[in-house]
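Student: Show me how the following folds:
(2 chains)
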Amino acid sequence: MTWGESLLWTVTPYVTLVIFVGALVWRYKYDKFGWTTRSSQLYESTLLRVASPLFHYALLFVIVGHVTGLLIPIGWTNAIGVSNHAYHVNALLWGGLAGLATLVALALLIWRRRTNGPVFMATTVNDKVMYAVLAAAIVSGVVTTAAGYAPTEVSYRTTVAPWFRGVFVLQPDVMAMGQASGLYKVHTLIGMVLFVLFPFSRLVHALSAPLGYLFRPYIVYRSRSDSAPRRPARVRVRQNRPL
Amino acid sequence: MKVMAQIAMVMNLDKCIGCHTCSVTCKQTWTNRPGVEYVWFNNVETRPGQGYPRRYEDQERWKGGWELTARGRLRPKAGGRMRKLLSIFANPRMPSIQDYYEPWTYDYENLITAPLSDDVPVAPPRSLISNEPATIRWSANWDDNLGGDPSPDPVLEKVSGEVRTAFEEAYMFYLPRICEHCINPSCVASCPSGALYKRAEDGIVLVDQDRCRGWRMCVTGCPYKKVYFNHKTGKAEKCTFCYPRVEVGLPTVCSETCVGRLRYLGVLLYDADRVAEAASVPDERDLYEAQLGLFVDPESPEAAAAGLPAEWLEAARRSPVYHLITKYRVALPLHPEYRTLPMVWYVPPLSPVVDALSTTGHDGENAGNLFAAIETLRIPIDYLAELFTAGDPAPVTAALRRLAAMRSYMRAVNLGQEPVLPDAGLSEEELKAMYRLLALAKYDERYVIPTAYGNVPGVVEEAGCPLDYDAGRGSQAPFGETSGRPVPVSIENFHGLKERQTSDEVTHDRVNLLNWDGRGTPAGLFPPRKGKS
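Tutor: Here you go, the predicted structure:
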């Protein structure tokens, strides 16, 4: 492994993390008003009603897959009697299905966005960049998953995962990451770009998943003083003018 | 008992001439921005008609409002919390832009750039949504004056076929609509983010623009379809009851500018502890009475003990709205069957009955004739009952009888005849007071609005308005247009206007040419010099 690559796997994850967390905090303070899904359902509903739920639900599966794959060490699954082979067959099957569904749905959504006039008009440069990176991440992810089928391939569980876990204890296992195949490395890099883009794009709406709704009373009352203007009201007292 | 106060509105439909002044002034004040071109916080519908958005009253389709579960509990008709979250990725019941109408502008450039030809150049319409040349097929008041086909009216579908034909041929009236600022608002209940809220002090239902995340469930939740999605900012917007005005004691813009002076504003006190109980009575037809039962008499000891500011209690005692709703009982709620306990009420129109009588050659002002007509002319009664009392004709008949009694009694008074008190459940004093309120009431009798809590008496300038952002066409902030800290611009008001016109200094950066009196050069009239900004 070259010095450059070693540096890459040491520095970029922290740069990504700092930008991700820092920019999120900064944006939440600076731009609550811009923090929204920016839905285009008002313009077009038929296609969206199929593609959007498919995309989001499949994406939830993909996220669960990533969390399991990256955070759970091989030792743990072995300990509960799941063989490495069984694990990989499952990962390939469910991960592949979820990945494919995400990809198909994303293709539908991008097609809708490009061909529907009003939706395309409402698409900003920011959106386009985000879509490109998101598509690249998903395509590379699906390809990587498919490539994992080859028995010669080095498992990400012994390469990417230890490195990833190491990042969070400030000891990234650069050697392990260096063993990973090129596909994994490319997917990891695109993933990091996506996380850098995340706070600056409409993706932030993912963090607003309104789970609190399940636990609150239906009707919300708020006092006027809670919602008083952020800046002091311009108050002028009527004065009788001298004639 | 927990007494809460609400600023409510009553509209006297007999006086509405369908001029749309309220709609236009409201639009100029609140929704003249990109993203809300199709939005009318206030609109006027001709009845019978489909309304705006088209057929919004068809709750089998749109699933607005509440329903009772098998166990008799209230649940949003579009589904409870879990179902909302599961369908959050694409709202299955959201009206499309075509259900409202596709807003358009005109391509005026063509007037001066069209090549020389035998025909006069025109300004062709262009869609504000797609920027393409548009064919105008529908708008917010397309079936104005029965201009469209009223047969798809969902309310008309509920009355019988023969009644329907007769009604279409014979009757028409106007129904101005704003947000109902319900006591049991289903839009608030539908909002997953908790951005919509009911203000504790005055009951105004508002959207917190900083908390709204654009899930669009409120659009579905509101059975009156009075919450709208701003497609530029990606946030929900709705009628604000002109709270910056109401807070300083000014009436809403729609009330202020109503040429028929048919709107009344005032305080109503209600018992917040019994809201759920009242909204969940099993029979829809009992909802009107149940809501009446919620209101608290401002003269009662409970009201006095509620800890309300003296000014509010006094306003509640003088409230024209309270008198029209509970004392004279001539005002009725719009679609109580949605179980949202709406707070904009309507005095049903008597004029269709009077007109029908007059065309038959009878004296349309005579109480006996009018009473008989109200009993026999079941057609408007049935329709009005579907609008105002979930189909129960009794309260509509009673309200119309009182209006008819007042009409004939006061005619006798004005003609110098001996007035006979018709039997409509009102005393002579009440009849006269009701006449005063409905026919003569001046500005300060129609609008009895206490100023907001904590305001210095005499403060007349409104607070900065957090909804009315100038999004600025084409300007793109870092995260797409309209992101970043919005700059509130104050809505126009009469005092502000006067101030500007009579003072020497210019106080606003934003130039409103409509109100510019031509004196001096207001800041912002010309773009800043380069490098100076």
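Student: Can you verify my assumption that B:Leu294 contacts B:Asn184?
Tutor: No. Under the criterion of Cβ atoms under 8 Å, B:Leu294 is not in contact with B:Asn184, lying 9.8 Å apart. (Glycine included, C-beta is placed from N, CA and C.)
Student: Flag the shaky bits of the stretch 101-250 of chain B, pLDDT-wise.
Tutor: Using pLDDT under 70 as the threshold, the predicted model of the stretch 101-250 of chain B has low-confidence ranges B:150-151, B:160-170.
Student: just chain A next, same as before
Tutor: Judged against pLDDT under 70, the low-scoring parts of chain A cover residues A:151-153, A:226-243.
Student: ok, which stretches of it are helices?
Tutor: With DSSP state H as the criterion, chain A has helices at A:3-30, A:46-71, A:74-79, A:84-90, A:96-115, A:117-121, A:125-147, A:160-168, A:174-179, A:182-197.
Student: Let me have the ones you listed in a markdown table, adding distance to chain B and mean neighbour count as columns.
Tutor: Shown next, in a markdown table, are those (distance: least, Cβ to the nearest Cβ, whole Å; neighbours: other Cβ atoms under 10 Å in any protein chain shown):
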| stretch | distance to chain B | mean neighbour count |
| --- | --- | --- |
| helix A:3-30 | 7 | 14 |
| helix A:46-71 | 4 | 17 |
| helix A:74-79 | 30 | 12 |
| helix A:84-90 | 25 | 13 |
| helix A:96-115 | 10 | 17 |
| helix A:117-121 | 4 | 16 |
| helix A:125-147 | 5 | 18 |
| helix A:160-168 | 27 | 20 |
| helix A:174-179 | 32 | 18 |
| helix A:182-197 | 11 | 18 |
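Student: So for B:Leu294 and B:Asn184, which residue has more residues nearby?
Tutor: When B:Leu294 and B:Asn184 are compared on other Cβ atoms under 10 Å in any protein chain shown, the one with more neighbours turns out to be B:Asn184, at 24 against 21.
Student: in which helix or strand would I find the closest residue to B:Ala278 other than its chain neighbours?
Tutor: In space, B:Ala278 comes closest to B:Ala290 once its chain neighbours are excluded; the distance is 4.1 Å by Cβ to Cβ, 6 or more residues apart in numbering or on different chains. Of the helices and strands defined by DSSP states H and E, B:Ala290 is found in helix B:287-294.
Student: average pLDDT for that helix?
Tutor: Averaging pLDDT along helix B:287-294 yields 97.
Student: buried stuff in the following helix or strand past that helix?
Tutor: Once helix B:287-294 ends, the next helix or strand along the chain (criterion: DSSP H and E) is helix B:301-304. Neighbour counts over helix B:301-304 (16 or more other Cβ atoms under 10 Å in any protein chain shown) mark B:Ala303 as buried.
Student: and if you look at stretch B:356-367?
Tutor: Residues of stretch B:356-367 classed as buried: B:356-357, B:362, B:364-367 (neighbour count, 16+ other Cβ under 10 Å).
Student: ok, which of those also contact chain A?
Tutor: Near chain A, judged by Cβ under 8 Å from any Cβ of the partner chain, there are no entries from those.
Student: of all those residues, which comes closest to chain A?
Tutor: If you rank the buried residues of stretch B:356-367 by distance to chain A using Cβ to the nearest Cβ, B:Ala356 comes first, at 42.2 Å.
Student: Now the host helix or strand of the closest one: average pLDDT?
Tutor: Taking DSSP H and E as the definition, one finds B:Ala356 inside helix B:351-359. For helix B:351-359, mean pLDDT rounds to 77.
Student: What lies in contact with it?
Tutor: With Cβ atoms under 8 Å, 6 or more residues apart in numbering or on different chains as the contact definition, helix B:351-359 has outside contacts at B:14, B:170-173, B:363-365, B:369-370, B:373-374, B:377, B:380, B:400, B:404, B:407.
Student: Swap in 10 Å and give it another go.
Tutor: Helix B:351-359 has contacts (Cβ atoms under 10 Å, 6 or more residues apart in numbering or on different chains) with B:13-16, B:167, B:170-173, B:349, B:362-366, B:369-374, B:376-377, B:379-381, B:383-384, B:400, B:403-404, B:407.
Student: give the contact list for the nearest residue to A:Met177 once chain neighbours are set aside.
Tutor: The spatial neighbour of A:Met177 that comes closest, neighbours along the chain excluded (Cβ to Cβ, 6+ apart), is A:Trp163 at 3.8 Å. Taking Cβ under 10 Å, 6+ apart, we find A:Trp163 in contact with A:9-10, A:13, A:70, A:156, A:171-180, A:188.
Student: Can you tell me which of these is closest to B:Glu256?
Tutor: Using Cβ to Cβ, A:Pro13 comes nearest to B:Glu256 of the contacts of A:Trp163, at 60.2 Å.
Student: hang on, the earlier thing: quick one: closest of the helices of chain A to B:Glu37.
Tutor: Of all those, the one in closest proximity to B:Glu37, counting by Cβ to Cβ, is helix A:117-121 (12.2 Å).
Student: how many other residues sit next to residue 34?
Tutor: In the absence of a named chain, chain A is used. Residues within reach of A:Gly34, counting by other Cβ under 10 Å, total 24.
Student: was after chain B, sorry
Tutor: Using other Cβ under 10 Å, B:Pro34 is surrounded by 18 other residues.
Student: my read: it touches B:Lys232, true?
Tutor: Yes. Contact criterion Cβ atoms under 10 Å: B:Pro34 and B:Lys232 qualify, at 5.2 Å.
Student: Could you look up the SS state of B:Arg75?
Tutor: Classification of B:Arg75 into helix, strand or coil gives strand, according to DSSP: H, G, I helix; E, B strand; the rest coil.
Student: which residues does it bridge with?
Tutor: Going by DSSP bridges, B:Arg75 is paired in beta bridges with B:Glu67.
Student: What is the neighbour count of it?
Tutor: 18.
Student: what residues are up against it?
Tutor: Shown in contact with B:Arg75 (Cβ under 10 Å, 6+ apart): A:218, B:66-69, B:81, B:83, B:186, B:189, B:280.
Student: Those: which two are farthest apart?
Tutor: Between all members of the contacts of B:Arg75, the longest pairwise span (Cβ to Cβ) is found for B:Arg83 and B:Ser280 and amounts to 19.3 Å.
Student: Look at the two and report which has more neighbours.
Tutor: Relative neighbour count places B:Ser280 above the other of B:Arg83 and B:Ser280, with 18 against 13, counting by other Cβ under 10 Å.
Student: wait, the more buried one sits on B:Arg339?
Tutor: Yes. Shown here, B:Ser280 and B:Arg339 form a contact pair, counting by Cβ under 10 Å, at 7.2 Å.
Student: joint contacts of those two?
Tutor: Listed contacts common to B:Ser280 and B:Arg339 are B:66, B:68, B:74, B:184, B:287, B:290; contacts here mean Cβ under 10 Å, 6+ apart.
Student: how about those residues in a markdown table, adding distance to A:Thr144?
Tutor: Conversion of the shared contacts of B:Ser280 and B:Arg339 to a markdown table gives the following (distance: Cβ to Cβ, whole Å):
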| residue | distance to A:Thr144 |
| --- | --- |
| B:Trp66 | 49 |
| B:Leu68 | 52 |
| B:Leu74 | 50 |
| B:Asn184 | 52 |
| B:Leu287 | 59 |
| B:Ala290 | 62 |
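Student: so B:Cys218 makes contact with B:Leu206?
Tutor: No. Using Cβ under 10 Å, B:Cys218 and B:Leu206 do not qualify as a contacting pair, with a distance of 11.5 Å.
Student: any residues in contact with both of these two?
Tutor: Applying Cβ under 10 Å, 6+ apart, one finds that B:Cys218 and B:Leu206 are jointly contacted by B:188, B:195-196, B:238.
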